[in-house]
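Visitor: this is a predicted model, with the sequence first.
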Amino acid sequence: MKPLNIAILGCGTVGGGVAQILTKEKELLSARAQREISLKYIAELNPQAAIKRFGLEEKYFLAEGQPVTIDKILQDKDIDVVVETMGGKSDFVHNTCLNVLKNGKHLVTANKALLAERGADIFAQAAQNKLQLGYEAAVCGAIPIIKGIKECFTGDIIESVSGIMNGTSNYILTQMQLQNLDFAQALKLAQENGYAEADPSLDINGGDASHKLILLIKLAYGLKVSMQELSVVGIEDINKNDMDFAKEINASIKLICLAKLKDKKVYATVRPMAVKNDNTLSKVNYAVNAVRLDNKYSDTHFLIGKGAGSTETAMSIVSDIVFIARHGQVETYNEKEQYVLGDAKEISFPYLVSFKTKNLPGTTGLITTCIGKQGINIETVGHNRFSGETADFSIETDTCSLKTIEAAIEDIKKEKPELLLEEPKILPILY
C-alpha cells in the first residue's frame, strides 16, 4: 500500500506541533495505522523561522528547490491529506479548504471558527466527494470528544452536553475564585501567563466557546445552529460579589456550554453558571477543559483535559490522520435534522439572581414579592452587602424558566423604577 502523504498549510504553534509529531513518531504512527504515514510538504510564509523554532528539516518546505505553495500542494496527486492550521475564517482560508476537498484530498483542521460559522459547504463537499473531514482538534484540543460522540456513543441517545470549553475564561474565573482577584486583575494575569491574547474578546465574550458548542450540536443532534441563533452571555461582568454569592450556595462560577434535548427540541446556551460543588465541573480549574455527556442508556460521562497548546492540539490532528490512514474514504454525516432549536429562555433551572439596589427599607420584601407573583419559589436570600447608600444581595430560586425571572425583574422596575442601580445578574444553577 502506498504511503499516506501529508501536507501542512501553516507552520505556527499548531502546525509546527503536527510536523514535530509526524516526523519524530513516524514509525510508531505508521505501525498503528498499518500504513506508512509520511510528511511531504509544509507551506509556510516564513519557513526559516519555523525550521528554527520546531527543529524541522528544510526539505519539507521545498518542492523542486522552490518554496512550497498551496497551489503546488493542491495540484500534487500524491498528497492524500492536507492539514489546515492557518486559522481564521477569511474567504482565502474558506476557499482553500474547499479546494482541498475538490481536489480529492482529505482535510484535517483545528479551525473551529471556520467550521462553526462557514462550514456548511465544507462538510457538504467532504460528503459529496466521500472524503474525511477531521476536526477533533477544533473542540477542546486534546479531549477526544468528537470521536467519542461520533463513534463511541452511536448506540445511545445524548440527552445533554455540558462543559467548560474555553480555557482562558476558566483560568480567569479560577483566579477570581481562589485568589480573590477582580476581573481586570485576573484577565491581566491570564495575559501575562500566556493564557489570554492581547485582545481576549472571543474568549471572555463566549464566542470561542460558542464555536465549539455549535460543532457538538451538529454532531450530536444533526442540527445546524448559527452564532446569531445561539444564546450567549460572556464573563465580562462577573465580579467579586458574584463569586461570594456563589460560594454561599456551595457553587463555583464557570462559563458553561450547554445543549439539552427535550421533546424533540434542543435548548442551547453559553453563559456563566453557578455550578454546584457536587458537580465535577465545579472542580475543573485554571486552563483545563471538560465535557460532560448525560446519555439515556449509559448515564453520565466526563472527559477532562487540556483544551489548547501546541502539542495537545497537534496530537488530536495526528489522531485524525491515523484514523484516515486506517479507514480511508469512509465517513458518515448526520445531516438529517430530526430536532429543532428551542428557546433557551425556556430551559428550566434554579437561578442565582444578584441585585445592586439603593439602600432603602423594604427592598428585599418588594423584590421577593415580585418574584413570588411569577410563581417562583425562593430557596434562600443571601447576606446583604451594604456600601454607603447601596446594597448588594442575592436570591436563590427554585426551578423555573429565564422568562419568568425576567418578568419578575420587569415587575420590580414597574413597582419602584429608581430602586435597581444596574441590571440584575442572572446565573443558572447547574447541579
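Guide: Perfect, I can see it now. Residues are numbered from 1 along each chain as shown.
Visitor: would you enumerate the residues in contact with the closest residue to Tyr431 other than its chain neighbours?
Guide: Using CB to CB, 6 or more residues apart in numbering and skipping the chain neighbours, the partner closest in space to Tyr431 is Lys276 (5.0 Å). Just so you know, the C-beta spots here come from the backbone N, C-alpha and C atoms, and that holds for glycine as well. Lys276 makes contacts with 249-251, 282, 429-431, as judged by CB atoms under 8 Å, 6 or more residues apart in numbering.
Visitor: mind redoing it with 10 Å?
Guide: 246, 249-252, 282, 350, 429-431 (CB atoms under 10 Å, 6 or more residues apart in numbering).
Visitor: most surrounded residue in the residues you listed?
Guide: Ala246 (29 neighbours; other CB atoms under 10 Å).
Visitor: just the buried positions in the helix or strand containing it, please.
Guide: Under the criterion of DSSP states H and E, Ala246 resides in helix 240-248. Neighbour counts over helix 240-248 (16 or more other CB atoms under 10 Å) mark 241-246 as buried.
Visitor: switch those residues over to JSON lines; also include pLDDT and distance to Gln75.
Guide: What follows is those, written out as JSON lines (pLDDT from 0 to 100; distance: CB to CB, whole Å):
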{"residue": "Asn241", "pLDDT": "94", "distance to Gln75": "60"}
{"residue": "Asp242", "pLDDT": "95", "distance to Gln75": "56"}
{"residue": "Met243", "pLDDT": "96", "distance to Gln75": "56"}
{"residue": "Asp244", "pLDDT": "95", "distance to Gln75": "61"}
{"residue": "Phe245", "pLDDT": "96", "distance to Gln75": "60"}
{"residue": "Ala246", "pLDDT": "97", "distance to Gln75": "57"}
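Visitor: hmm, back to that, chain center to the helix holding Ala246, what's the gap?
Guide: Relative to its chain's centre, helix 240-248 lies at 25 Å (CA atoms, centre = their mean, to the nearest Å).
Visitor: export it as CSV, just CAs?
Guide: Taking C-alpha atoms only, helix 240-248 is exported to CSV below (Å, rounded to 0.1, in the frame of the first residue of the first chain):
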residue,chain,number,x,y,z
LYS,A,240,-16.2,39.6,43.4
ASN,A,241,-19.7,39.8,44.9
ASP,A,242,-20.9,37.2,42.3
MET,A,243,-18.1,34.9,43.4
ASP,A,244,-19.1,35.4,47.1
PHE,A,245,-22.8,34.8,46.3
ALA,A,246,-22.0,31.6,44.5
LYS,A,247,-19.8,30.4,47.4
GLU,A,248,-22.7,31.0,49.8
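Visitor: mind giving me the packing neighbours of it?
Guide: helix 167-179, helix 183-192, strand 251-262, strand 265-276, strand 351-358, strand 385-387, strand 390-397, strand 425-430 (3 or more CB pairs under 10 Å, 6 or more residues apart in numbering; DSSP states H and E).
Visitor: which outside residues touch it?
Guide: 173, 176-178, 180-183, 235, 238-239, 251-254, 272-277, 282, 352-354, 356, 380, 382-383, 385, 387, 392-396, 425, 427, 429.
Visitor: weakest of the helices and strands packed on helix 240-248 in terms of mean pLDDT?
Guide: Note on the helices and strands packed on helix 240-248: strand 385-387 shows the lowest mean pLDDT, a mean of 83.
Visitor: list the buried residues of that strand.
Guide: Buried-residue list, strand 385-387, by 16+ other CB under 10 Å: Arg385.
Visitor: cool, and stretch 81-99?
Guide: 81-87, 89, 93-94, 96-99.
Visitor: which neighbours does the one helix or strand in the chain whose mean pLDDT sits lowest have in its sheet, and in what orientation?
Guide: Ranked by mean pLDDT, DSSP states H and E, the weakest helix or strand in the chain is strand 385-387, scoring a mean of 83. In the sheet, strand 385-387 lines up against strand 390-397 (antiparallel) (DSSP bridges).
Visitor: CA atoms only: put the partner strand into CSV for me.
Guide: Extracted in CSV, the C-alpha atoms of strand 390-397 (Å, rounded to 0.1, in the frame of the first residue of the first chain):
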residue,chain,number,x,y,z
THR,A,390,-26.1,50.9,48.0
ALA,A,391,-26.8,47.3,48.8
ASP,A,392,-25.9,44.0,47.1
PHE,A,393,-27.6,40.8,47.8
SER,A,394,-28.6,37.6,46.0
ILE,A,395,-31.6,35.3,45.8
GLU,A,396,-31.6,31.6,45.0
THR,A,397,-34.7,30.4,43.3
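Visitor: just after it, pick out the following helix or strand.
Guide: Under the assignment DSSP H and E, the closest C-terminal helix or strand after strand 390-397 is strand 400-401.
Visitor: what's the first helix or strand after that next one?
Guide: helix 402-415.
Visitor: quick one on the thing from earlier: could you dump the helices and strands packed on helix 240-248 to TSV with distance to Pro3?
Guide: Putting the helices and strands packed on helix 240-248 into TSV (distance: least, CB to CB, whole Å) gives the following:
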stretch	distance to Pro3
helix 167-179	35
helix 183-192	42
strand 251-262	39
strand 265-276	42
strand 351-358	57
strand 385-387	66
strand 390-397	61
strand 425-430	48
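Visitor: element containing the residue nearest to Ala33 when sequence neighbours are not counted, please.
Guide: Of all residues beyond its chain neighbours, the one nearest Ala33 is Ala325 (3.6 Å), with distances taken as CB to CB, 6+ apart. Per DSSP H and E: Ala325 is located in helix 310-327.
Visitor: ok, of the buried residues of helix 240-248, which one's closest to Thr13?
Guide: Closest approach to Thr13 among the buried residues of helix 240-248 (CB to CB): Met243, at 31.9 Å.
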